[in-house]
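[1] A structural model of the following input is requested.
(chains A and B)
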Amino acid sequence: EAGVAQSPRYKIIEKRQSVAFWCNPISGHATLYWYQQILGQGPKLLIQFQNNGVVDDSQLPKDRFSAERLKGVDSTLKIQPAKLEDSAVYLCASSLAYNTEAFFGQGTRLTVV
Amino acid sequence: DQQVKQNSPSLSVQEGRISILNCDYTNSMFDYFLWYKKYPAEGPTFLISISSIKDKNEDGRFTVFLNKSAKHLSLHIVPSQPGDFAVYFCAASGGFGNEKLTFGTGTRLTIIP
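    Predicted structure coming up:
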């Protein structure tokens, strides 16, 4: 079974530039999550999709971050414009349903300089 | 507001002995708990989970214990092996409107030969 695919693995951009990350979840998984993990901290949920609808985006900085899940399958997360404090690993995860384990991709390490 | 806490940032255990990783939570609505293992430059990998209707779940060398009255869970690894060297995250979910996984800050486990 293929895992959660994310790209790119690494990205370096200057502040105020924009960046986009892509995620393809495990086939059949209805729930998709984007997490931000800052060095030394646990992953923090940015947004959760159930199929192509948003379930929770309470911690998404909506003035600069946006996300969509096309046709309830793959998803993109965009940051525009980026700030220095956005430097982190962005993790995508998917799960079959509520209260089941989430499977994570390898993440995208973003460095904003 | 840290709803899931891992108060030990690091733990060193001799190879072959038992590793005990601890996690505390504050939200009494949480009803599903998970442990993830994370190697550098990889996404978290699901290890083991437990539902609030149980107080113990076992899978090979890994056992998770849940004490609901104390809002505490622990992960026991017996025997500890060199490949267990990683960061371990505790996560919890549950309750209406709280299906997302909330993570602790992690505990780095070092295995001493």
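[2] helix or strand for the most centrally placed residue in chain A, which one?
    Centroid-nearest residue in chain A: residue A:34, 3.0 Å away (criterion: CA atoms, centre = their mean). Counting by DSSP states H and E, the secondary-structure element that holds residue A:34 is strand A:31-37.
[3] quick revisit: tell me the pLDDT of the nearest residue to the residue nearest to the centre of chain A once chain neighbours are set aside.
    Counting by CB to CB, 6 or more residues apart in numbering or on different chains, residue A:46 is the residue found nearest to residue A:34 once chain neighbours are left out, at 4.5 Å. C-beta coordinates here come from the backbone N, C-alpha and C atoms, glycine included. With respect to pLDDT, residue A:46 scores 96.
[4] quick one: what helix or strand has residue A:46 in it?
    Assigning secondary structure by DSSP H and E places residue A:46 in strand A:44-50.
[5] run through the residues of chain B sitting next to chain A.
    Listed as neighbours of chain A in chain B under the rule CB under 8 Å from any CB of the partner chain: B:4, B:6, B:31-32, B:34, B:36, B:41-46, B:49, B:51, B:89, B:91, B:93-94, B:97, B:99-106.
[6] next step: the residues you listed restricted to strands.
    Cross-referencing the residues of chain B next to chain A against strands under DSSP state E gives B:4, B:32, B:34, B:36, B:45-46, B:49, B:51, B:89, B:91, B:93, B:102-103.
[7] between the residues you listed, which is nearest chain A?
    Of all those, the one sitting nearest chain A is residue B:103; the distance, using CB to the nearest CB, is 3.5 Å.
[8] report the beta-bridge partners for that closest one.
    Counting by DSSP bridges, residue B:103 is bridged to residue B:91.
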